[in-house]
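A.B. asks: Provided below for reference: sequence and predicted model.
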Amino acid sequence: MKWILVGVAAIVVLVVAALVAVPYLVDLPRVQALIATNASQALGRPVKFASMRISALPLPAVELHGLEIAEDPQFGKSPFVRLESGTVRLKLWPLLRGRVELGDITLKKPVISVVQAADGRLNLASLGGSAEPSTPRAPRSGSGAGGAGAGAVLASKIKIEDGIVDYVARGKGEAAARYRIENLDLTLTGGGSLVALAGGFAVKPGDLNVKLQDATLAVGGAKTLTDAPLRGKVALEAKDIAPLARAFVGPSPEYGGGLRGTLALSGTLGAPSAAGDVMVNAPKITQLQPSCPEPKRRTLALGDLKLNAGYKDSVFNARPLTTSIGKGTVSAQLTASLEGGVRVQLGDIGIKALPLDTLLVDYLCQGYAITGPLDLTGALSFAAADMWRTLSGPGTLRAGPGKVVGTQALALVSGVVRVGGAISQALNAEVPAIAAGSPLEFESITGTYQITSGVVTTRDLLYTSKPMKVAIAGQYGLADGRMNLDMIVTHARGELKAKVTGSAASPSIRVDPATILRGVDREKVEKSLGDLLKRIR
């Protein structure tokens with residue numbers, strides 16, 4: 001036992017002595033050339049660093065300072081990667097035998113610039129290609145760095161700590177979109193044809209936390225790094241989606257709610273795809289509504305938003321998307337193109353028993369608001385940057401029973417009836433009486449519509465109540481409120497036709513007297529109209 005302990009102690013002394021002697025045994029210029037050459041060959045980019053030093057404990061390592069990896073010249077002159085310090089471990093056993101072999105690499109707080117050109121190319125695409133690094137000096141016989149050539153493997157493990165990725169997407173004729181990944185902690189292991197990835201990061205703006213699970217990158221056989229097949233899972237979590245939504249669709253309206261989901265990764269590093277389930281908890285939409293009384297800032301609360309989501313080639317899909325408003329349900333098939341501005345398509349829209357008072361009265365304060373449940377089917381498409389002027393799609397709706405409560409809608413209907421009443425009074429005819437400002441109860445509102453570039457066209461909208469029916473055909477502008485409508489009011493003693501033009505806030509109404517004159521004596525009509533004109537003068 002004594003001799004065993006003596007032997008172990010001797011080995012420990014020798015190892016410690018070797019470690020202490022490392023800075024004197026290693027040829028720094030040779031190691032510097034070795035690291036720069038191997039890194040340049042592995043990345044296909046020139047690699048340089050300002051200075052380096054050797055540390056012996058706790059394990060032999062080379063500390064690099066002011067390291068830079070060059071950018072692809074087609075994307076600019078700024079470095080692709082910059083970091084203040086990095087550590088390259090030296091393998092102990094080869095070192096004790098007089099050879100320098102590189103071990104694990106740790107990059108602390110690197111700043112990585114990822115650029116997407118207007119044609120979709122990434123500056124990552126040229127990684128792994130040929131570079132033109134400086135040629136190291138031939139090994140000197142007997143030197144401490146002998147035996148290490150340019151073809152040595154760079155590392156079997158690369159670790160990134162607290163990194164930052166600046167992502168810039170350059171659009172055609174548009175301002176570049178900028179995103180930022182922070183707190184990047186990523187470990188790459190393998191070094192052969194299959195590289196395992198583990199770690200996570202946060203997307204800014206948006207505070208979206210992303211964690212990689214069981215992810216692999218098959219670099220063997222890939223022409224470039226971006227062509228390497230990607231597999232694995234990614235977990236998403238955000239306490240509030242408001243900053244993320246603001247970055248993609250603009251500051252208004254504001255979207256809120258917590259996000260959680262798990263997606264399966266596929267595709268390649270340069271063109272990744274993902275699919276899985278995502279849920280937004282307690283989503284809400286907040287917007288300043290000038291037409292509302294105080295408070296003008298209104299919020300619409302939704303039920304949990306569930307998405308069977310997918311992403312591929314800059315297109316996001318949710319098939320299906322489901323949520324609720326009150327006791328009403330909403331479902332649709334969503335497709336959003338993220339290139340050149342966000343463009344959204346909603347297909348197979350299905351709305352059941354949606355409470356219109358919550359949407360039109362409490363949130364939008366619409367002048368043409370009605371209450372009651374809404375059933376609707378249809379489709380929509382729009383550009384997120386200008387929703388109301390780009391909205392398009394067909395639909396079929398049924399609302400009611402309910403009430404017409406919007407002040408502008410009440411004024412329009414009562415205006416048509418009042419103008420018709422003035423004529424009918426002169427002719428001793430009758431039209432239904434409507435108390436100004438009183439809600440109008442209805443049994444149903446049904447019809448079909450087609451929206452084109454923010455203009456709604458309908459040919460068969462029908463309002464049905466006990467005292468009358470109102471058929472409406474024409475156009476209505478969602479953005480500017482411009483109207484060009486033909487209305488036919490049918491009541492117990494006849495019908496009344498009217499033309500409504502102008503704006504929703506200030507409509508112009510023309511009633512066709514011929515619809516009131518049916519069955520009335522011609523001489524009586526002429527005398528009554530003459531008396532009416534005298535009163536108008």
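C.D. replies: Yep, it's here. Source: prediction; values computed, not measured.

A.B. asks: G66 and S51 touch, don't they?
C.D. replies: Yes - counting by C-beta atoms under 8 Å, G66 does reach S51; the two are 6.5 Å apart. C-betas here are computed from N, CA, C, even on glycine.

A.B. asks: higher neighbour count, those two?
C.D. replies: For the pair G66 and S51, the greater number of neighbours falls to G66 (14 against 11), based on other C-beta atoms under 10 Å.

A.B. asks: Just list the residues touching the more buried one, thanks.
C.D. replies: With C-beta atoms under 8 Å, 6 or more residues apart in numbering as the criterion, the residues that contact G66 are F49, A50, S51, E84.

A.B. asks: Just say helix, strand or coil for the last one.
C.D. replies: Translated: E84. In three-state terms, and counting by DSSP: H, G, I helix; E, B strand; the rest coil, E84 is strand.

A.B. asks: if I look at P29, how far off is A36?
C.D. replies: 11 Å (C-beta to C-beta, to the nearest Å).

A.B. asks: More neighbours: which of these two?
C.D. replies: Between P29 and A36, counted using other C-beta under 10 Å, the more crowded position is A36 (21 against 11).

A.B. asks: Is it correct that the more buried one falls within a strand?
C.D. replies: No - going by three-state DSSP, the assignment for A36 is helix, not a strand.

A.B. asks: Quick check: closest non-adjacent residue to it.
C.D. replies: If the residues on either side of it in the chain are set aside, A36 comes closest to V47, at 5.3 Å by C-beta to C-beta, 6 or more residues apart in numbering.

A.B. asks: could you list every residue that touches the one you found?
C.D. replies: I35, A36, A39, S40, L67, E68, I69, A70, P133.

A.B. asks: Could you report the pLDDT at it?
C.D. replies: For V47, the model assigns a pLDDT of 86.

A.B. asks: follow-up on the earlier one: pLDDT-wise, what's the bottom of the contacts of V47?
C.D. replies: Note: of the contacts of V47, the lowest pLDDT belongs to P133, at 41.

A.B. asks: still on that earlier bit, can you pick the most crowded of the contacts of V47?
C.D. replies: With neighbours taken as other C-beta under 10 Å, the top of the contacts of V47 is I35, carrying 26 neighbours.

A.B. asks: And the closest residue to that residue other than its chain neighbours, how far from L107?
C.D. replies: Once its chain neighbours are removed from consideration, I35 has its nearest residue in V88; the separation is 6.0 Å (C-beta to C-beta, 6+ apart). V88 sits 10 Å away from L107 when distances are taken as C-beta to C-beta.

A.B. asks: Also L263?
C.D. replies: For L263, the distance to L107 under the criterion C-beta to C-beta works out to 27 Å.

A.B. asks: Mind checking which of the contacts of V47 land in strands?
C.D. replies: Cross-referencing these against strands under DSSP state E gives L67, E68, I69.

A.B. asks: so D386, which of the three states?
C.D. replies: Secondary structure for D386, judged by three-state DSSP, is helix.

A.B. asks: Determine the number of other residues adjacent to it.
C.D. replies: Applying other C-beta under 10 Å, we find 13 residues neighbouring D386.

A.B. asks: ok, it - contacts?
C.D. replies: In this structure, D386 makes contact with no residue, judged by C-beta under 8 Å, 6+ apart.

A.B. asks: Which stretches in the stretch 351-500 of the chain count as helices?
C.D. replies: Using DSSP state H, counting those that start in this stretch, the helices assigned to the stretch 351-500 of the chain run over residues 356, 387-390, 407-426.

A.B. asks: Now do the strands in the stretch 51-200 of the chain.
C.D. replies: 51-55, 61-69, 81-90, 102-108, 111-116, 157-169, 177-189, 194-204 (DSSP state E, counting those that start in this stretch).

A.B. asks: Could you give me the buried positions within the fourth one?
C.D. replies: Within strand 102-108, the residues that qualify as buried by neighbour count (16 or more other C-beta atoms under 10 Å) are L102, G103, D104, I105, T106, L107.

A.B. asks: List the neighbouring strands of it plus their orientation.
C.D. replies: Each strand that strand 102-108 pairs with, and the sense of that pairing, follows from DSSP bridges: strand 81-90 (antiparallel), strand 157-169 (parallel).

A.B. asks: Okay, angle between the first one and strand 111-116 too, please.
C.D. replies: It refers to strand 81-90. Strand 81-90 and strand 111-116 are oriented at 120 degrees to each other (axes from the mean of the first three to the mean of the last three C-alpha atoms, to 10 degrees).

A.B. asks: In three-state terms, label the residue positioned nearest the centre of the chain for me.
C.D. replies: The chain has F248 as the residue nearest its centroid, 5.0 Å off, counting by C-alpha atoms, centre = their mean. Classification of F248 using three-state DSSP returns helix.

A.B. asks: How much space separates it from T189?
C.D. replies: Summarising the geometry, the distance separating F248 from T189, computed by C-beta to C-beta, is 34 Å.

A.B. asks: Ranking helices and strands of the protein by mean pLDDT, which lands last?
C.D. replies: Within the chain, judged by mean pLDDT, DSSP states H and E, the helix or strand with the poorest mean is helix 522-536; its value is a mean of 46.

A.B. asks: residue ranges with poor pLDDT in the stretch 251-400 of the chain?
C.D. replies: 340 (pLDDT under 70).

A.B. asks: Check the stretch 51-200 of the chain too.
C.D. replies: Under the criterion of pLDDT under 70, the regions of the stretch 51-200 of the chain flagged as low confidence span 55-59, 90, 92-102, 128-155, 171-176, 191-192.

A.B. asks: mind running it again at 50?
C.D. replies: The stretch 51-200 of the chain contains residues with pLDDT under 50 at 130-153.

A.B. asks: can you redo the contacts of V47 as TSV with distance to V234?
C.D. replies: TSV is the format used below for these (distance: C-beta to C-beta, whole Å):
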residue	distance to V234
I35	32
A36	34
A39	28
S40	31
L67	28
E68	30
I69	25
A70	30
P133	34
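
A.B. asks: of all the residues you listed, which comes closest to T371?
C.D. replies: Of all those, the one sitting nearest T371 is I69; the distance, using C-beta to C-beta, is 63.1 Å.

A.B. asks: Now do the contacts for the closest one.
C.D. replies: Residues near I69 by C-beta under 8 Å, 6+ apart: A39, L43, R45, P46, V47, P79, F80, V81.

A.B. asks: For the last one, give me its contacts.
C.D. replies: For V81, the residues meeting the contact criterion (C-beta under 8 Å, 6+ apart) are L67, E68, I69, P110, V111, I112, S113.

A.B. asks: beta partners of it?
C.D. replies: Note on V81: beta-bridge partners by DSSP bridges are I69, I112.

A.B. asks: Looks like the residue nearest to I35 contacts I54 (just checking).
C.D. replies: No - under the criterion of C-beta under 8 Å, V88 makes no contact with I54, lying 10.3 Å away.

A.B. asks: what about the two, which has more around it?
C.D. replies: In this view V88 and I54 are compared by other C-beta under 10 Å, and V88 has more residues nearby, 24 against 16.

A.B. asks: and the gap between the more buried one and L288?
C.D. replies: From V88 across to L288, the span is 55 Å (C-beta to C-beta).
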